[in-house]
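In: Structure for the following, please:
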Amino acid sequence: MRNLRSSVVPVVSAALAALAAAAIVRAQEPTPTPGPIGTIEFYRIQDQAPQFVEARKAIKDPGDEAAVLQRVCAIYSMLSPDQFDRAIALERTEESERTMDQRKELDALRATDGERAARFRALLQTDKPTPETDAEFDGLRGTFDACAEHKKTASDDVQRRLDDANARTQQKVSAALDAAVTKVAREKDLAAVLQSSVRTVGRDLDTGVPVIEYHRIVHYGGADVTDDVLAELVKENNAERGVPEQ
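Out: Residues are numbered from 1 along each chain as shown. Have a look, this model is predicted:
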């Protein structure tokens, strides 16, 4: 055991000495001069870059479906699952584009839901229940519960698909933006690239009025490389699609 320790110590000591020597060499090397700071207008890139445009298209369908489902859930509460799904399909069509048959079918579904809801409330408030009214109430309660469960399942499914689409597109556009910014920064020998401003959205606590605030990040100096980053994003998008350079 003593011999093993004596053989290990010189090796460790030599390694530490080498690391120390390397640290001294690094310390003696001239520190590179930082380059200038670059800035980008992220919101202009977000509006104009093809990757962001495609991302918005990719989440449009599940986003529209989620909006329709939210509206349908607020209107209907006493439809069977099949009737509820049919209501979604009809509500998804713009009112101005519905055929006469679609309008009649939708009116019938709304009337059915309204009649059942009114009868359900009446039975709930009755002072003199009978076996017949109890059976009717149980049937309507079953319809209400089945509709509520179906709405929850449909909402969870739409939200999951919307979240998945958001995650995929966000990852894709983030990677594309990072790559474009990195390439432009290296070509222009920039030490860093900052977003020139950030935007926050909220509501006034007293009035509830929507409020949008812009906050500048760079108050002085900085080379704006937004156009360069946009050009790089367009170039990379065209390369992915096989569009020849002009």
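
In: Do I have it right that residue 234 meets residue 50?
Out: Yes. Counting by C-beta atoms under 8 Å, residue 234 sits close enough to residue 50 to count as a contact (6.1 Å). For every residue, glycine as well, the C-beta is placed using N, CA and C.

In: Tell me who's in contact with the residue positioned nearest the centre of the chain.
Out: Closest to where the C-alpha atoms of the chain average out (C-alpha atoms, centre = their mean) is residue 166, at 3.8 Å. Remark: with contacts taken as C-beta atoms under 8 Å, 6 or more residues apart in numbering, residue 166 is in contact with residue 59.

In: The nearest residue to residue 212 once chain neighbours are set aside: which element?
Out: Leaving aside its chain neighbours, residue 212 sits nearest to residue 201 (5.3 Å; criterion: C-beta to C-beta, 6 or more residues apart in numbering). The secondary structure element spanning residue 201 is strand 197-203 (assigned by DSSP states H and E).

In: gap between that strand and the chain center?
Out: Taking C-alpha atoms, centre = their mean, to the nearest Å, one finds the center of strand 197-203 at 17 Å from the center of the full chain.

In: now do stretch 171-189
Out: On the basis of C-alpha atoms, centre = their mean, stretch 171-189 sits 21 Å off its chain's mean C-alpha point.

In: Show me which positions of that stretch end up buried.
Out: For stretch 171-189, the neighbour count (16 or more other C-beta atoms under 10 Å) marks 173, 176-177, 180-181, 184-185 as buried.

In: Tell me which of those residues fall in helices.
Out: Among those, the members falling in helices are 173, 176-177, 180-181, 184-185 (criterion: DSSP state H).

In: Mind listing residues that contact stretch 229-246?
Out: Contacts for stretch 229-246 (C-beta under 8 Å, 6+ apart): 40, 44-45, 48-51, 54, 176-177, 179-181, 183-184.

In: just stretch 134-151 next, same as before
Out: The set of residues that contact stretch 134-151 without belonging to it, under C-beta under 8 Å, 6+ apart, is 73, 76-81, 84, 116, 119-120, 123-124, 129.

In: Which ones among the residues you listed map onto helices?
Out: Assigned to helices by DSSP H, the following of the contacts of stretch 134-151 qualify: 73, 81, 84, 116, 119-120, 123-124.

In: Give me the PyMOL select line for those, limited to the buried ones.
Out: Remark: buried members of the ones in helices among the contacts of stretch 134-151, expressed as a PyMOL selection using 16+ other C-beta under 10 Å:
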select buried, resi 73+84+116+120+123
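
In: Let me have the ones in helices among the contacts of stretch 134-151 in CSV, adding distance to residue 101 and pLDDT as columns.
Out: CSV is the format used below for these (distance: C-beta to C-beta, whole Å; pLDDT from 0 to 100):
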residue, distance to residue 101, pLDDT
73, 24, 95
81, 22, 95
84, 19, 96
116, 23, 96
119, 27, 96
120, 29, 95
123, 33, 94
124, 35, 90
